[in-house]
Structures are given as C-alpha cells and as structure tokens.
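Colleague: would you be able to build a 3D model of this:
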Amino acid sequence: MKTVTQEQLKEDLLYDCDTGLFTRRVNANHRFVAGQVAGCMHHTGYILVGIKKQSYLAHRLAWLYVYGEIPTSQIDHINRIKTDNRISNLRTCDNSNNQANIEPKRDGFKGVTKHKCGKFQVQIKCLGVNKYVGLFDDELSASKAYDKAAFNLFGDFANLNHRGEAA
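Modeller: Numbering: from 1, shown residues only. Now for the predicted structure:
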C-alpha cells in the first residue's frame, strides 16, 4: 500500500493547526467538494480522512502535514480526546506511554484492584510487563501509590487518578 506524501496531502487538503480540521482544496467527486470539512468518524472514535480512495487516520495526516513524515511510532492525543487533532494536542510515543495516558476506571482507580486478602493491590504495566507496586489498607492510599509509580515511569504521559498530586 502506497502512503500519501506531504506534497499530495497539501494539494488535496488544507489543515488548520488551531482547530485540527482538514478541509478539501479541490473537488474529489460529487460527494467531496472544495471547502468541505474532510473526514468521518470511525467506529474506534478516531477521524478517518479519504485521499485518492485510501483512508488515513486524521491525527497521522496532521503529523505528516506539519512535520513532513508519518512517524513509525504511535501518536498520542494528550487530552485523550480522539477527535482533537490540533497539532498542539499530538505527540509521538511508544505503546507503553500511549497506554499510560488512558482514562482512569469509572468504578474505581486506575491500577488498583481488591486483593483476596481484603487489601488493595497496585500494579502497573510498563513495556508489556506488569510491575507489582504493593498492597494498601485503603483504596485512596493505593491509588496515590499508583500515581507515584505512573509518574516515575511515564512522566507527562501518566494519566493520574489524582491530578497534580503524584510528584
């Protein structure tokens, strides 16, 4: 499969760094007309943009448009909003860092599970390996321990249970 070049991309689309939106520069067919916002929502929650009968993830196209290449690594949405493709919201990363930036659990704290002994266990995954952090008497102490471990491992990529309290 041939990948679109920066030159081809800029011929067909205009990218607005402040909004993260692509608009069509030229009429592609009767459905895609110049001036129209390009792209549609994929079932994964990301925006897909079609160029010359090929679909691309909009965040990867934004990177190509601005920096001239599509990275071999992953691209992380800093604010975790998959449709926010402003270049200031995108950064390259490995899979471990990308996974560190996922949302905390709705029904508890990220990295914290109830252990069979009744205490709260903390584990964190880094580079595909689960790391045991410890057992804690209460869920809040456990979640703060997770935050500290996550910040130590992932720095700014860490999506903490308690914002600003890990360091």
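
Colleague: distance of E7 relative to I51?
Modeller: 12 Å (CB to CB, to the nearest Å). Quick note: C-beta positions are derived from backbone N, CA and C, even for glycine.

Colleague: of these two, who's got more company?
Modeller: It is I51, of E7 and I51, that has more neighbours when counted by other CB atoms under 10 Å, with 19 against 9.

Colleague: partner residues bridging V37?
Modeller: On the basis of DSSP bridges, V37 takes part in beta bridges with T23.

Colleague: that one and G20 touch, don't they?
Modeller: No: in this structure, V37 sits apart from G20 without contact. The criterion is CB atoms under 8 Å, and the distance is 10.9 Å.

Colleague: pretty sure D12 contacts G50?
Modeller: No: under the criterion of CB under 8 Å, D12 is not in contact with G50, lying 9.7 Å apart.

Colleague: shared neighbours, those two?
Modeller: Both D12 and G50 are contacted by A28, under the criterion CB atoms under 8 Å, 6 or more residues apart in numbering.

Colleague: compare these two (neighbour count), which wins?
Modeller: Neighbours around D12 and G50, counted as other CB under 10 Å, are more numerous at D12. The numbers are 20 against 15.

Colleague: dihedrals phi and psi, the more buried one?
Modeller: phi -90, psi -30 (degrees, to the nearest 10).

Colleague: mind giving me the domain split of the protein?
Modeller: When the chain is parsed with automatic domain parsing, its domains come out as 6-93, 97-157.

Colleague: how about these in CSV, adding mean pLDDT?
Modeller: Compiled in CSV, the domains of the chain are given as follows (pLDDT from 0 to 100):
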stretch, mean pLDDT
domain 6-93, 93
domain 97-157, 86
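
Colleague: chain neighbours aside, what residue packs nearest to A62?
Modeller: Take A62 and drop its neighbours on the chain: the residue closest to it by CB to CB, 6 or more residues apart in numbering is N85, 4.9 Å away.
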